[in-house]
Structure formats: C-alpha cells, structure tokens
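Student: I'll drop the sequence and a predicted model, then ask my questions.
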Amino acid sequence: MRPTLFLVSLFIAAACATASAETLYIRAGQLIDVDTGERLADPAIVVRDGRIVEVGGSANVEQPDGSRLVDLSGMTLLPGLTDAHVHLTSDHSKHGYRRLADSVPRQTLTGARNARTTLMAGFTTVRNVGAPGFSDVALRDAIADGDVPGPHLLVSGPPVGITGGHCSDNNLLPPEYNAVGDGVADGPWAARAAVRRNVKYGVDLIKTCSTGGVLSRGTKVGAPQYTVEELSALVDEAHMHGRKVASHAHGTEGIRNAIEAGVDSIEHASFIDAEGIRMAAERDTVLSMDIYVTEFILGQGEAAGILPASLEKERQTGAKQRENFEIALEAGATMGFGTDAGVFPHGHNARQLSRMTRFGMTPLQALQAATVTNAKLFGLEDEIGRIAPGYRADLIAVSADPLDDIQTLEQVEFVMKDGKIYKSP
C-alpha cells in the first residue's frame, strides 16, 4: 500500500473509533419507567459506546466533559418498542397468488425496505417469524454489519411444519408442479432434523405451526397440525440448541398441544379456551395475540389479493380472538406484543397498542407488553426494554404522554438504536 493511502486508512479508522466512542448527554421533558409507570421529570441520560451508563434527574446527572447534548425538551422518553411477530420480507400488498411472483432475493430486498420503516416507527427490536430461504438471516446480518438500517432482529428462517401445513408448505400450486415448502418435516425425527438444519444456517429461534391458518390455502384455522409427540421432539431439539420456539396456533386443541410440548409462545391464540389459558398461565407461556390485523384483512385484504376463503376464515376468527384476549388478560396470562406486520403495512405496528387498551389493558400494561414482557420472551431482559444503566441505548421519544393517550406512540418522533440517532424531531 502506498504511504498516502496508508495514512488515509489510519485517519478513517481513527475517525470511526472516535464516532463509536462518542458520549451523549440526553435531556427530555419526562421519562416513563415502564416497570412502575412512574414519570421522572426533567431526566438526563448518559450514553457511551451504545450503552446507557447513567440515568436520573438532570439536577443529579451532570453532562460529561466533551459529550454531545441531545435536547428533547418537552418530549416523553421511553425504551424502544419491540414486536414479537413480524414478517419483514413480506409485502402487505401481495397476498395469495401474487406472492408466487417474488423470488427469495426480491423478498430479501423488500425486507431491507421494511426494516427501515419498522425502525423509524420506533421498534428497535423485533422477531421475524418465518421467511423463505433464510432471507431473514441475511437481513439480520446486513443490519448488524451496518449495511442497511433496521431494528435488532431475532429470526426463525423457514418455519417448520407438516406437509400441507399453514407455515411450512406451498399450497398454492397444483400437483403437477410438485411444489414442496422448505419447512416441511413430518414425524418427530424429521422435525428434529429441520430444527438442526435451521440452527446450522444461523436462526435465533424456531417457528412452527400447531394449527391451520387464516391466510393459507386449504387449511382449517382450528384444525391441529403436528401431534404432541412431533411438537415435543421439535421443542426438545430447539431448547437443546438454546433456541426458543414460537408456535402459530389458532385452534383450541393445537394451542393445548403446543403448550404441553413446551413452546415458549403461542402466536394468535384465537380460539384458546379456559384450559388453554390455565396451561399458559401455569407454564408462563406467552400469548402473542395480533388483535389489530383483522381490521386490515377484512377492510383491505381483498384488494391486496387475499383469497375469498381466507377472508371467510378471518370473519370467523377476528372477533373471537378479541373476546379471548380480554378473557386471557383477566385470567392473568402473560400477554406479549406481536402484530403480524407484513400482513398489514410495516410501520403501523403501534396501532395495535390502542386495540389492546380497547380490549382490556391499561396503557401501562400495553406498553409493558411491547417492552419488558417481550424482552423476557426474547431472552434479552438484561439488554432491552428498560431505560437503565447497562442496557442498550435503544430509546424513543414522543411529543405527548402515552400513558394518557397510547395512540401517541403511533407518531414516534425520535429513534435511537445502540446510541445512534436514526430519527430526530
């Protein structure tokens, strides 16, 4: 290397090191403690190397020498929001047969666009539960390497399920195409092998389906998929590799089967009954109930290509899911925050918060579901979900108090992830 180029390289490296070591001093109108709901007036936060190092009232937390002031006067500061159930590589305008036209590389690029949109909406950590060809693994790594902006991602790769199943197979093409989804695994040992394959290619969790679904052709929403024996083998293998398991489950029997097998979360839980709620509460299985998405499916789904049979299944499912959300909440089940974004437009995730309050939660409970509850589900309770020393500097700010009006969180004005500002008022 020529001397001049060598010196330029050294300069760039030094500049990057300085940027990563920058200390920030953040002031705001108030800070909400999501554990207690208490409001801290005139807070100050010191951020260094992407981590929170000090939090308190501005009178007690001095601005470090050489630090940069981030002035959020008059704004409410909160930890970054999280979503336990998104599909970043999916386009909400392409449902049913329209999705057959998109290749895996095209879906991956769609994911890059949607990741940025999700981050700008204030969601700094999300779980992507299901993507073909390990496209979400590639997206996660691209975000982590700084190639594209987006939230922290936990990804599942291809979901694992039965032949003809909701999340594992391709049920749109006729038999002569011999199309088989890349997540199909029948029987306990095949399910174990599929988990091992997904782990081999870098997933953070395993997604499976223990019932049929609304948007899959030819499946019944309430019908069980996988036996308890198969689910138990899948969960045992996943846990052995340190991966949690999220199970799509609408129907009563399939929900019970998945909880008995030891899954970590039930996605949708539409037709959960009293016994399923009791089992979930007893085993601390998180219920991730996407009670906003029904509005998009029934309101705009036909124009987006959702098939008539799927629209009819949603008519039978949405209202019952909302009713059971209230019942499960009242019974003391652990309620996470998962939206199914990708079925509806990415960036609208926070709209579900107001529905959660409409169907029984206080604003604080809804906020806790999207922060501390999900953080524990993700296995990141010491990393995200709170504004406290040692935690990642994943912060958002809004112009009003979300404990007074939860819809304020639909218009996030400031976003920081790992101490880097992505959006500022």
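Tutor: Here it is on my side, so go on.
Student: Please report how far residue 112 lies from residue 340.
Tutor: Distance, residue 112 to residue 340, using CB to CB, to the nearest Å: 20 Å. In short, each C-beta sits where N, CA and C put it, glycine included.
Student: and these two? which has more neighbours close in?
Tutor: Taking neighbours as other CB atoms under 10 Å, residue 112 and residue 340 compare with residue 340 leading, 28 against 18.
Student: Excluding chain neighbours, give the residue nearest to that one in space.
Tutor: residue 290 (4.2 Å; CB to CB, 6 or more residues apart in numbering).
Student: so who does that neighbour touch?
Tutor: With contacts defined as CB atoms under 8 Å, 6 or more residues apart in numbering, residue 290 is in contact with 85, 267-268, 321, 338-340, 352.
Student: Kindly report the same for residue 412.
Tutor: Shown in contact with residue 412 (CB under 8 Å, 6+ apart): 81, 120-122, 350, 396-398, 423.
Student: Go through the residues you listed and name the one nearest residue 374.
Tutor: Distance to residue 374 across those (CB to CB) is lowest for residue 81, with 8.7 Å.
Student: Give me the neighbour count for the spatially closest residue to residue 341 that is not a sequence neighbour.
Tutor: Spatially, and ignoring its direct neighbours in sequence, residue 341 is nearest to residue 86 (4.4 Å; CB to CB, 6+ apart). Neighbourhood size, residue 86 [other CB under 10 Å]: 28.
Student: For residue 86, give its distance to residue 255.
Tutor: For residue 86, the distance to residue 255 - CB to CB - is 21 Å.
Student: again with residue 91
Tutor: Taking CB to CB, one finds residue 91 at 29 Å from residue 255.
Student: So those two - more neighbours on which side?
Tutor: residue 255 (31 against 20).
Student: which is the next helix or strand following the host helix or strand of that one?
Tutor: Assigned by DSSP states H and E, residue 255 belongs to helix 252-261. As assigned by DSSP H and E, the chain's next helix or strand after helix 252-261 is strand 265-268.
Student: Mind giving me the packing neighbours of that next one?
Tutor: Under the contact definition 3 or more CB pairs under 8 Å, 6 or more residues apart in numbering; DSSP states H and E, strand 265-268 sits against strand 81-86, strand 244-249, helix 252-261, strand 286-288.
Student: give me that answer again for 7 Å
Tutor: strand 244-249, helix 252-261, strand 286-288 (3 or more CB pairs under 7 Å, 6 or more residues apart in numbering; DSSP states H and E).
Student: returning to that earlier point: for the contacts of residue 290, pick the one with the most neighbours.
Tutor: residue 338 (33 neighbours).
Student: Not counting its own residues, what contacts stretch 305-324?
Tutor: The contact list for stretch 305-324 (CB atoms under 7 Å, 6 or more residues apart in numbering) reads 94-98, 214-215, 217, 221, 250, 268-272, 289, 291, 294, 297-298, 301-302, 359.
Student: part of a helix, is residue 134?
Tutor: Yes: using DSSP: H, G, I helix; E, B strand; the rest coil, the assignment for residue 134 is a helix.
Student: what about it, neighbour count?
Tutor: 21.
Student: Show the pLDDT at residue 168.
Tutor: Confidence at residue 168, expressed as pLDDT, is 93.
Student: Three-state assignment for it, please.
Tutor: Per three-state DSSP, residue 168 ends up coil.
Student: For the stretch 51-200 of the chain, just list every one of the strands.
Tutor: 51-57, 68-79, 81-86, 123-128, 152-155 (DSSP state E, counting those that start in this stretch).
Student: Please convert the contacts of residue 412 to CSV, extending it with distance to residue 237 and pLDDT.
Tutor: Formatted as CSV, the contacts of residue 412 follow (distance: CB to CB, whole Å; pLDDT from 0 to 100):
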residue, distance to residue 237, pLDDT
81, 31, 98
120, 37, 98
121, 35, 98
122, 35, 98
350, 35, 98
396, 37, 98
397, 42, 98
398, 42, 98
423, 40, 98
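Student: Keep only those of these that are in helices.
Tutor: residue 120 (DSSP state H).
Student: just the contacts of residue 412 now: which is nearest residue 259?
Tutor: residue 81 (26.5 Å).
Student: The closest one contacts residue 372, doesn't it?
Tutor: No: using CB atoms under 7 Å as the test, residue 81 is too far from residue 372 to be in contact (11.4 Å).
Student: Checking residue 375 next. Helix, strand or coil?
Tutor: helix.
Student: Leaving out chain neighbours, which residue sits closest to it?
Tutor: residue 385 (3.2 Å).
Student: Tell me who's in contact with that neighbour.
Tutor: 79, 82, 371-372, 374-375.
Student: what's the spacing between residue 123 and residue 73?
Tutor: 25 Å.
Student: Just want to know which of the two has more residues nearby.
Tutor: Shown here are residue 123 and residue 73; by other CB under 10 Å, residue 123 has more neighbours (31 against 8).
Student: Next, count neighbours for the residue lying closest to the more buried one once chain neighbours are set aside.
Tutor: Excluding the flanking residues, the one nearest residue 123 by CB to CB, 6+ apart is residue 81, at 4.8 Å. Counted with other CB under 10 Å, residues neighbouring residue 81 total 29.
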